[in-house]
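structure for the following, please:
(one chain, ligands or ions: 2)
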Amino acid sequence: MSEEQKYSDEDLEAGRLMFCHPWDFLTSVTDMANLPEAAGAEIAFAGRSNVGKSSLINALTGRKDLARTSATPGRTQMLNFFIAPETPLTIVDMPGYGYAQAPKELVEAWTQLVFSYLRGRPNLRRVILLIDSRHGIKKNDLEAMELLDKAAVVYQVVLTKADKIKPPQLVRLIEDTKAILRKRVAAHPEILATSSEKNRGVDELRAELFLLATQ
Ligand SMILES: Nc1nc2c(ncn2[C@@H]2O[C@H](COP(=O)(O)OP(=O)(O)OP(=O)(O)O)[C@@H](O)[C@H]2O)c(=O)[nH]1
Ligand SMILES: [Mg+2]
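Ligands and ions are numbered 1, 2, ... in the order given. Below is the predicted model:
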């Protein structure tokens, strides 16, 4: 019945274990020259401002204040790197896009930094593209997909704030989103629905990240 991806108990357990380690902030960068050394597998989280990127990273790592969250959109303006000892994975919190009040120069700097990072990062395995369940895919999400298709980086849609909509709406949203993704070059076909607030889909995303980091 559900359109969401399923994982084996072993993968769910391995995913949980990977996030039992003490996750910590490594560095923030605003330009390519200061990127940390490319080691292990990197997964970047992208999405519109306020979509819940930082909240989801906190939910995954079980650390409430690891990535800063805020009710004010446009808070994360840099690439923020998170690591944990004995794990092959680095998580990157990308600056949110589509923030209406952002000055033009900031938007240009964002696009340039993000595109250079997407094109030039050898260990970037996938971008997790977060979409707010209440809004679905918007024009600027399609623009972000365009950028990702051009950069030839595989991206996977993860719905956030699933607690905010009713189950039948969520089923329809998943179907509609999959139809859009089928037309995209670099899109991963599977979708995950999550809620950082209700801890929904978090173990499944941990399993997915485990599989990506160890494949
Ligand atoms: N109901 C609900 N609210 C959420 C959820 N995740 C995040 N939020 C709220 O959404 C707002 C934005 O969350 P953030 O995690 O700061 O979003 P962000 O994508 O990191 O935002 P920027 O860094 O500004 O791009 C906050 O008020 C969160 O409390 C969720 O799963 N459910
Ligand atoms: Mg943020």
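
tell me if I'm right that residue 163 and residue 198 touch.
Yes - Residue 163 is in contact with residue 198 according to C-beta atoms under 8 Å; the separation is 4.7 Å. C-beta coordinates here come from the backbone N, C-alpha and C atoms, glycine included.

of the two, who's got more company?
residue 163 (15 against 12; other C-beta atoms under 10 Å).

need the strands for the protein, in chain order.
24-29, 41-47, 79-83, 89-93, 124-132, 155-160, 192-193 (DSSP state E).

same for the fifth one, what does it pack against?
In terms of contact count using 3 or more C-beta pairs under 8 Å, 6 or more residues apart in numbering; DSSP states H and E, strand 124-132 is assigned the packing partners strand 41-47, helix 104-120, helix 139-151, strand 155-160, helix 202-214.

do that again at 6 Å, thanks
Using 3 or more C-beta pairs under 6 Å, 6 or more residues apart in numbering; DSSP states H and E, the elements in contact with strand 124-132 are strand 41-47, strand 155-160.

what sits closest to whichever residue of the chain sits closest to ligand 1 if chain neighbours are left out?
When scored by C-beta to the nearest ligand atom, the chain has residue 96 as its residue closest to ligand 1, at 2.4 Å. Excluding the flanking residues, the one nearest residue 96 by C-beta to C-beta, 6 or more residues apart in numbering is residue 49, at 3.4 Å.

ditto for residue 12
In this structure, residue 12 finds its nearest non-sequential neighbour in residue 207, 4.9 Å apart by C-beta to C-beta, 6+ apart.

that older thread, how about a markdown table for the strands of the chain, with mean neighbour count, mean pLDDT and distance to ligand 2 added?
As requested, these are arranged in a markdown table below (neighbours: other C-beta atoms under 10 Å; pLDDT from 0 to 100; distance: least, C-beta to the ion, whole Å):
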| stretch | mean neighbour count | mean pLDDT | distance to ligand 2 |
| --- | --- | --- | --- |
| strand 24-29 | 14 | 91 | 12 |
| strand 41-47 | 23 | 96 | 9 |
| strand 79-83 | 21 | 92 | 8 |
| strand 89-93 | 23 | 95 | 6 |
| strand 124-132 | 23 | 98 | 10 |
| strand 155-160 | 25 | 98 | 11 |
| strand 192-193 | 25 | 97 | 19 |
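
how about low-confidence regions in this structure?
In the predicted model, the chain carries pLDDT under 70 at residues 1-5, 69-76, 100-102.

how about the spatially most central residue of the chain, what does it touch?
Geometric centre of the chain, nearest residue: residue 45, 2.6 Å, by C-alpha atoms, centre = their mean. Counting by C-beta atoms under 6 Å, 6 or more residues apart in numbering, residue 45 touches 53, 93, 128.
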